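give me a 3D structure for the following:
(one chain, ligands or ions: 1)
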Amino acid sequence: MLETYIFRPFEATLETKRLVLRPMLESDFDSLHRIFIDTKVMESFDHPPLTHEQMKRWLKRNLDHQNEFGYGLFSVILKQTGELIGDCGLEMMEDLGAAELGYDFRSDFWNQGYATEAATAVRDYAFDVLSLPQLISLIRVGNIASKRVAEKVGMELHNKLSRYGTQYWQYVRKRPQIKTEAK
Ligand SMILES: CC(C)(COP(=O)(O)OP(=O)(O)OC[C@H]1O[C@@H](n2cnc3c(N)ncnc32)[C@H](O)[C@@H]1OP(=O)(O)O)[C@@H](O)C(=O)NCCC(=O)NCCS
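Next up is the predicted model:
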């Protein structure tokens, strides 16, 4: 029987002025867990810090997504120190028919423009390399820092929606049209 599961390696690495975004690895577990046991980060999700088991499931889901779609969340590395300080990337929301641009950073690195710098690179990668038609961001109503990042990467508030009992602002940005020369 033909194998129906298509393995698509996720090999892209993006570089910005201060950051390297590379595909997430299983060996990133401890650095990523540090983000998701950060109480300030988890307050944004109204969720207690992730247990070891919850974090294992979170990481497996993202690695499986990378293999299925050929893109996913990048691990974000600070060039200056080599530390993993966040995640930023794409997750296909099949029920909404679009990839979500998402980001989570350790709170000791907030408000220095890192999420915006990473999200801008991912936005350009999504449109210029993957040719995705649009990106969305689902932001819990009241998450002002996340909303600001979405605005700074040029997304616009589209609507408010409820998903699994939580209210979200849905931000959208469509791929810019390529201008063709007038004859
Ligand atoms: C959202 C998040 C990734 C932003 O990361 P960051 O690196 O601090 O983002 P940036 O520095 O690029 O931009 C943050 C912006 O929010 C603004 N901001 C932060 N807190 C704010 C507040 N309470 N009120 C108003 N503005 C606020 C900052 O001033 C900055 O905007 P500015 O450049 O116009 O001044 C980070 O806060 C985070 O990891 N939060 C927890 C996880 C999360 O919410 N993820 C998103 C899920 S949708």
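
for the rest of this, base every contact and every neighbour count on C-alpha atoms.
Will do.

residue ranges with poor pLDDT in this protein?
1-8, 179-183 (pLDDT under 70).

return the residues of it in contact with the ligand.
41, 44, 103-106, 110-116, 138-139, 144-146, 148-149 (CA under 6 Å from any ligand atom).

for PyMOL, write a command that selects the buried ones of these.
Of those, the buried ones go into a single PyMOL selection, burial set by 16 or more other CA atoms under 10 Å:
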select buried, resi 41+44+103+104+105+106+114+115+116+138+139+146+149
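
so which of the residues of the chain next to the ligand sit within strands?
103-105, 138-139 (DSSP state E).

quick one: which helix or strand includes Leu132?
Counting by DSSP states H and E, no helix or strand carries Leu132.

look up phi and psi at it.
Backbone torsions for Leu132, taken as degrees, to the nearest 10, come to phi -70, psi 140.

which strand residues bridge Asp87?
Applying DSSP bridges to Asp87 gives these bridge partners: Ser75, Asp104.

hang on, isn't it packed against Gly72?
No: look at Asp87 against Gly72 with CA atoms under 8 Å: they stay out of range, at 10.0 Å.

on that earlier part again, among the residues of the chain next to the ligand, which ones are in helices?
If you go by DSSP state H, the residues of the chain next to the ligand have 41, 44, 114-116, 144-146, 148-149 in helices.

got a markdown table for these, with distance to Glu91 too?
Shown next, in a markdown table, are those (distance: CA to CA, whole Å):
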| residue | distance to Glu91 |
| --- | --- |
| Val41 | 19 |
| Ser44 | 19 |
| Tyr114 | 19 |
| Ala115 | 16 |
| Thr116 | 17 |
| Ile144 | 21 |
| Ala145 | 20 |
| Ser146 | 16 |
| Arg148 | 20 |
| Val149 | 17 |
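
and which of those is nearest Lys56?
Comparing these against Lys56 with CA to CA places Val41 closest, at 17.7 Å.

for Asp104, see how far away that closest one is.
Plainly put, Val41 is 8 Å away from Asp104 if you go by CA to CA, to the nearest Å.

who touches both of these two?
Common neighbours of Val41 and Asp104, counting by CA atoms under 8 Å, 6 or more residues apart in numbering, are Ile35.

check the ones in strands among the residues of the chain next to the ligand and tell me the two furthest apart.
The span of these, defined through CA to CA, is set by Phe105 and Leu138 at 16.4 Å.

and Pro33, what is it in contact with?
Quick fix: residue 33 is His, not Pro. Residues near His33 by CA under 8 Å, 6+ apart: 50, 52, 55.

ok, now Gly102?
Applying CA under 8 Å, 6+ apart to Gly102 gives the contacts 73, 87-91, 119, 137.
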